[in-house]
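Chemist: One predicted model, sequence on top.
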Amino acid sequence: MTPDEIERYARHIVLREIGGPGQQKLLGAKLLCIGAGGLGSPALMYLAAAGVGVLGVVDDDVVSLSNLQRQIIHDTASIGTLKTDSAAVSINRINPAVTVVIHAKRLTPDNAKGILENYDLVLDGSDNFDTRYLVNQTCAGLKIPLVSAAMSQWEGQIGLYDPANGGPCYQCVFPSRPAAGLAPNCAEAGVMGALAGVMGSMMAVEAIKVITGAGQPLRGEMLIYDALYGETRKLVTSVNLDCKSCKSI
């Protein structure tokens, strides 16, 4: 590392669980974030600050005024611009050494493998089950660890889905989408803005742990955070041997 890098990442380097070798792993890592919205915003900002070498961003949306209550990677001046472009500006402002790869498109079955196969780990901050299942299936097939989070109103959840290393995949835990109306999106149900900061930061924490080998990631566990009452709880998750997404892993 250069003297500037040693100074920038000094607080990581002195952590015995990360140290110089762990920071070198972060500098060489390639991470992809699905969505530059409420969850992706803090995740991308903290991963940029952590010195992740390459950050890919997938999003086909533009910034709107209603996003700004929670999507802190964007600002008022970026309204109407592509979220990927706005995110790239913020990442570069935080850490110009990070390489940002923009994928200003919607993830589809036709392009998912070609995009995801270039990364070491994927963070899914999408807001719909079609994308979540597609990302999960693609990650499982490519044996890429997946950090997935979701939130609504005052509650969020997060887990690491990594069937290549003995954990369940997302579809093992959520084998089918909820019935209509049972899982409304943020526009329908509302969401407390700072909750996005909590859950997105947790996504960055899990990604850093996986890349550096620090601690115990949420593999085979799901953490649920209730912001309204300040409570957290963990659920043990298990592999579904009949899962159509990962049973061949």
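Modeler: Nice, thanks for sending it over.

Chemist: SS state for the most centrally placed residue in the chain?
Modeler: Geometric centre of the chain, nearest residue: residue 123, 2.7 Å, by C-alpha atoms, centre = their mean. Assigned with DSSP: H, G, I helix; E, B strand; the rest coil, residue 123 falls in the strand class.

Chemist: Surely it and residue 46 touch.
Modeler: No: using C-beta atoms under 8 Å, residue 123 is not in contact with residue 46; the gap is 10.9 Å. (Each C-beta comes from the backbone N, C-alpha and C, glycine too.)

Chemist: what do the two both touch?
Modeler: Taking C-beta atoms under 8 Å, 6 or more residues apart in numbering as the criterion, residue 123 and residue 46 both touch residue 204.

Chemist: Measure how buried the residue nearest to residue 37 when sequence neighbours are not counted is and give me the count.
Modeler: Nearest residue to residue 37, sequence neighbours excluded (C-beta to C-beta, 6 or more residues apart in numbering): residue 71, at 5.3 Å. Using other C-beta atoms under 10 Å, residue 71 has 26 neighbouring residues.

Chemist: do you know how far residue 71 is from residue 171?
Modeler: Distance, residue 71 to residue 171, by C-beta to C-beta, to the nearest Å: 27 Å.

Chemist: Quick one: list the elements packing against the helix or strand bottoming out on mean pLDDT in the chain.
Modeler: None of the helices or strands of the chain scores lower by mean pLDDT, DSSP states H and E than helix 186-189, at a mean of 77. Helix 186-189 sits against strand 146-152, with contacts defined as 3 or more C-beta pairs under 8 Å, 6 or more residues apart in numbering; DSSP states H and E.

Chemist: Please look at the residue nearest to residue 37 and residue 38 and confirm they touch.
Modeler: Yes: Residue 71 is within contact range of residue 38, at 5.5 Å (criterion: C-beta under 8 Å).

Chemist: who touches both of these two?
Modeler: Jointly contacting residue 71 and residue 38 under the rule C-beta under 8 Å, 6+ apart are residue 196.

Chemist: quick one: buried residues of stretch 128-147?
Modeler: Residues 131-142, 144-147 are the ones in stretch 128-147 that count as buried (16 or more other C-beta atoms under 10 Å).
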